[in-house]
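1. Have a look; sequence and predicted model below, questions after that.
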There are 4 protein chains.
Amino acid sequence: MIRVAILGATGYTARELIGLLLRHPEVEICALTTRQETQPHVAEVHPSYRGQLDLVLENLTPAQVAQRADCVFGCLPHAASAAVVRQLLAVGCRVVDFSADYRLNDPAVYAEWYGAEHPDPARMADTPYGLPELYRDAITDAQLVANPGCYPTASILALAPLLQAGVIEPAGIVIDAKSGITGAGRNPKSHLHFPEANENLTPYNVGGHRHTPEINQELSQWAAGTADVVFTPHLIPMDRGELVTAYANLAGDPTTDDLRQVLTRFYQTEPFVRVTENLPGTKQVAHTNYCDLTVRRVRDKAVVVSVLDNLIKGASGAAVQNFNLMYGFPETTALFY
Amino acid sequence: MIRVAILGATGYTARELIGLLLRHPEVEICALTTRQETQPHVAEVHPSYRGQLDLVLENLTPAQVAQRADCVFGCLPHAASAAVVRQLLAVGCRVVDFSADYRLNDPAVYAEWYGAEHPDPARMADTPYGLPELYRDAITDAQLVANPGCYPTASILALAPLLQAGVIEPAGIVIDAKSGITGAGRNPKSHLHFPEANENLTPYNVGGHRHTPEINQELSQWAAGTADVVFTPHLIPMDRGELVTAYANLAGDPTTDDLRQVLTRFYQTEPFVRVTENLPGTKQVAHTNYCDLTVRRVRDKAVVVSVLDNLIKGASGAAVQNFNLMYGFPETTALFY
Amino acid sequence: MIRVAILGATGYTARELIGLLLRHPEVEICALTTRQETQPHVAEVHPSYRGQLDLVLENLTPAQVAQRADCVFGCLPHAASAAVVRQLLAVGCRVVDFSADYRLNDPAVYAEWYGAEHPDPARMADTPYGLPELYRDAITDAQLVANPGCYPTASILALAPLLQAGVIEPAGIVIDAKSGITGAGRNPKSHLHFPEANENLTPYNVGGHRHTPEINQELSQWAAGTADVVFTPHLIPMDRGELVTAYANLAGDPTTDDLRQVLTRFYQTEPFVRVTENLPGTKQVAHTNYCDLTVRRVRDKAVVVSVLDNLIKGASGAAVQNFNLMYGFPETTALFY
Amino acid sequence: MIRVAILGATGYTARELIGLLLRHPEVEICALTTRQETQPHVAEVHPSYRGQLDLVLENLTPAQVAQRADCVFGCLPHAASAAVVRQLLAVGCRVVDFSADYRLNDPAVYAEWYGAEHPDPARMADTPYGLPELYRDAITDAQLVANPGCYPTASILALAPLLQAGVIEPAGIVIDAKSGITGAGRNPKSHLHFPEANENLTPYNVGGHRHTPEINQELSQWAAGTADVVFTPHLIPMDRGELVTAYANLAGDPTTDDLRQVLTRFYQTEPFVRVTENLPGTKQVAHTNYCDLTVRRVRDKAVVVSVLDNLIKGASGAAVQNFNLMYGFPETTALFY
């Protein structure tokens, strides 16, 4: 039985993570933290768990966390996260970090996009990027795994195999992404107030979203060249679900079937990636750890569509998948219906 | 041309009111106020009006408002409203007040439900309650009109004719009300954050909603006895629209047809109340000033259903209807498609 | 390992049932039926299960079903269901029937509300009503269980303990119910077309909904008198979730605390009923088998609020709970996160 | 007073058109047609108009329509429309055609995308494309105007000025479009059933949507070269609103400011196109005839965002704007709040 703690347990990713871990036969949830002064019971913060988990959210130091937990899931903001993760690693905890802090390899790129020096630059290059479909070996037995962003997961799973196969060009990729509103977090804001966000559709952070360097870094590893994507996210009036429509220039003259076969072969043994002929919708993967993919050739471009649940495969499901690999449990434990 | 001002112009009722007044051929909008320190242009606060109205929201004193406007629409909170309205009336402005301050007749009832002494008790009993279908004569030529609450409008229009006709009992009435989320205002709050309110349905203020005394006061005027309703509002995951399902004990043995005929006769010349045989839905009155009504006898009770748009017939449309009566314009001006 | 079949496997309750049974360690899904001519793979009908269940939906006779399955979950329409259930029982299958056919005890009441003679009247009175919180002993070891309707579950769990304790009157109960749109089934209809149902709120079947006699039958069993409720359902623009607001005349002079304590005591050992002080919303029970309840005294009435997921505790979760009791598995198997 | 008829009056575009025309001081609605056998009153088909318009929908021949109306708005499907429009023109009616029949200039392109010979090919090249911002002169005094598709309106208004100014390349344009579900029409279909479409997000007709040739035809007129766009539409779980995110390769080295100034200058006197610095959302143009636009340079591409209400500026509002031009009324009549 692995004792786990969740840092920053009030948000939506923590809520989903608790739900998944409650199903996990080898896990005991031992600590939930918050930086809020009040120490609410989990049943107040996440009323759906009333009667299933009897824990109070506490403002614990890393040392206190380490006393209670073998493995820590960090749902803290960037920068704040690395400061804590360093200390947890030093005393022997294993960590799955949801923040962006250990996803990028290059401190200069981090400083450019996050506007501050990285608190723990020495670890950046060696920390595995927690996308099991691409980096399973590095994740297995790792002490620290950087859980990927939701948009990067959908984008990289869609494009990496096609880049590796040389059927699309790394230059000129456009990623038009759409996400349900849980992706914007749990803090109430004017533009996320129900009567503002409902029946509305808006782009945001055009050209400036912080998931961009993460996507470029990973795609460039699989391409014969450097990716420098144009990335545009949009807010969709629904709770959860994310859809990426990626447009890439073709290399050579592949047909739709050629393109789809590249994806099908790449993922043929993967439990959580399904390549379909039909155009997928987000609802077919809601509340699951699946990423569903398809591709079409349209004129001189490949149009790749991928869908996932931003809170599961885009966050907490991926984290449990990484945890299973780290501890040698079957990779799908707690992740199927 | 009547020069009008809107106090508290950042909220949803003010937004709808601006839209209606922009269509009104006899109105010029001359001032919009806010108590915020920044003085934003209306196009920043309500971007749909960009290019149609070139005004800045200002923090104006009542005296400054009175210099610019003949008629003032007050969208201020209770208590704050009466303090300003007094001053506006003193210098000769006419006022349609959206707050609850002049709806109740009895200062003691106000103090009980609003937890404070009324700032202008002398005017309470004489201010007409701005429901034209019931009090048209009193509204015409009034200097001050108390614009009704949205739930009271839907509830009173549904029940007053049946009480007057003596076919239902005033005792034991249950009003189960449901409203879209614009009814809760524009300030972001945790429970109104999109991912909390969407796909959710909640009752609130059970037994304690401040519209209750307003409903009782008005229903009692039309009944041979005192109404003391049980009122339960619910939040519905949609922008606008309100539905009241009212349950009353029958007096005598009226059929469904008898009950419906009472409503049909009462409203036969009304432009904005439609009595239907079908069960109405809120969408058929969205963005209109209609209140649609029907009634069924079920066992020993009358079940009355009324729908309206909480921002139009439940607020800003009613205000324009009152304004038209006050100034002798055709009552429907600016209120039809 | 129990071999199970699901009859009528294309709808929403069947979809949820498959999801729950896939998690059940003692169940193998062996057959899915449809009366459609095409025999689609489950992955076409319910794309979220692609890769998890490799079965084709077939048009099977009861005899064919009985060859493959020990236990049958029937998701067929009323009347059609009883015709099949009879045959399954005759050859030894055990059955959880989702239809209304075996819920009512009295063939005359069935004929009145369903407009036809019951095809199997002899079994009506003896078939246990599948609400484990009220009838656990009768369900255990039963060959056939009548799975309750969603509205009756929410209504009966709310009111039966208060009637039993004698703190409310059985006469004059009003049940104002609200349901998400999955409750209306999967067949597309004009009024359920997205742009008609979205941003809309409508009552339906006022006074005539077929769940009414079921509610009356069960409430009358727990009351010192006959219940004859006024029941009004409404469609809410959301996928799933159901909220019942029930209004009952008080017997004696109980306080809110008295009323809540009756509920708390009644359900104190129940795994799936939670009595709260807060007013519950549907979202806190979405995708769970919980029914959350609270009660308030308002003037001379008890206002009881109950919420559940219409597809889980209101249908498929309850069915699995009944199944677990019938076969002696822990009652919560496959029903917690 | 112009007497108008609406053909195919049961759908959403007809519903919006009726609402706009009811406000128009120079219009009398004289006939509404349907091919359904029953002849329902408009209040049954569009209950919001009960009491405002007393007309029955009739199955009228073109000759009967021509007897009642000076101007006809055709909301019929493609092919069916041209067959009727020919006859109306022959007897002197003026027509605004909502179908695609007279939008394309080349019969061969029509045959390729619509799978049939055009019924009236001689008129194709000469019929003005009803986008007043681009073709105002041709629309004025025309007997027949082809009302544009919703996606083409949003796409062409976004891109034509930039192509004309030579700051973007016509080759390699990607248009990622998103629409509310009224855009899919009023006929109930499985994938538009509320519980399927709600909380879902899906692409459709990738590479094959029939608005593609219309976009290419018009963009090519404004470009120094031929446009051949990759067009991907998506269904968004909301009633109305459309957002186009267009990606074009830059020509030269324009900045974001340069790009925006091109748009600002092009539309500086237009009443219904607003160029903003902020990223627009669909809600700010809902229920209006506005198209709001902005542009950003991101790396080597221009990202242009345009929003409109698919039923107003994307259909019925544009039709009234065209009608106003055709008859010499002020272009904004009936189109502002």
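-> Sure, I can see it.

2. for the longest helix anywhere in chain A, packing partners?
-> Assignment by DSSP state H gives helix A:150-164 as the longest helix of chain A. In terms of contacts (3 or more Cβ pairs under 8 Å, 6 or more residues apart in numbering or on different chains; DSSP states H and E), helix A:150-164 is packed against helix A:132-139, strand A:174-179, helix A:211-222, strand A:230-235, strand A:242-249, helix A:256-266, strand A:291-298, strand A:301-308. Where C-beta positions appear, they are placed from N, C-alpha and C, glycine not excepted.

3. could you dump these to JSON lines with mean pLDDT and distance to chain D?
-> Compiled in JSON lines, those are given as follows (pLDDT from 0 to 100; distance: least, Cβ to the nearest Cβ, whole Å):
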{"stretch": "helix A:132-139", "mean pLDDT": "98", "distance to chain D": "22"}
{"stretch": "strand A:174-179", "mean pLDDT": "98", "distance to chain D": "4"}
{"stretch": "helix A:211-222", "mean pLDDT": "97", "distance to chain D": "10"}
{"stretch": "strand A:230-235", "mean pLDDT": "98", "distance to chain D": "5"}
{"stretch": "strand A:242-249", "mean pLDDT": "98", "distance to chain D": "5"}
{"stretch": "helix A:256-266", "mean pLDDT": "98", "distance to chain D": "9"}
{"stretch": "strand A:291-298", "mean pLDDT": "98", "distance to chain D": "3"}
{"stretch": "strand A:301-308", "mean pLDDT": "98", "distance to chain D": "5"}
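
4. Looks like A:R299 contacts D:T212 (just checking).
-> No - in this structure, A:R299 is not within contact of D:T212 by Cβ atoms under 8 Å, at 9.9 Å.

5. Moving C-terminal from the one helix or strand A:L88 maps to, which element do we reach first?
-> For A:L88, the element it lies in under DSSP states H and E is helix A:80-90. Where DSSP H and E defines the elements, the next helix or strand beyond helix A:80-90 is strand A:94-97.

6. And the contacts of that following strand?
-> When contacts are defined by Cβ atoms under 8 Å, 6 or more residues apart in numbering or on different chains, strand A:94-97 is touched by residues A:70-74, A:81-82, A:85, A:88-89, A:130, A:142-147, A:319, A:322-323, A:326.

7. try 7 Å this time
-> Here strand A:94-97 makes contact (Cβ atoms under 7 Å, 6 or more residues apart in numbering or on different chains) with A:70-74, A:81, A:85, A:88-89, A:143-147, A:319, A:322-323, A:326.

8. Only whichever of those are buried, select them in ChimeraX.
-> To isolate the buried members of the contacts of strand A:94-97 in ChimeraX, using 16 or more other Cβ atoms under 10 Å in any protein chain shown:
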select /A:70,71,72,73,74,81,85,88,89,144,145,146,147,319,322,323,326
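
9. For A:R265, grab the count of nearby residues.
-> Burial measure for A:R265: 12 neighbouring residues, criterion other Cβ atoms under 10 Å in any protein chain shown.

10. Can you tell me, leaving aside adjacent residues, what's nearest to it?
-> Of all residues not flanking A:R265 in the chain, A:P161 sits nearest, at 8.0 Å (Cβ to Cβ, 6 or more residues apart in numbering or on different chains).

11. Break chain A into its domains for me.
-> Domain ranges of chain A: A:2-127, A:150-310, per automatic domain parsing.

12. what about the shortest one, how long is it end to end?
-> Start and end residues of domain A:2-127 are separated by 22 Å (Cα to Cα, to the nearest Å).

13. Thanks again, I'm all set now.
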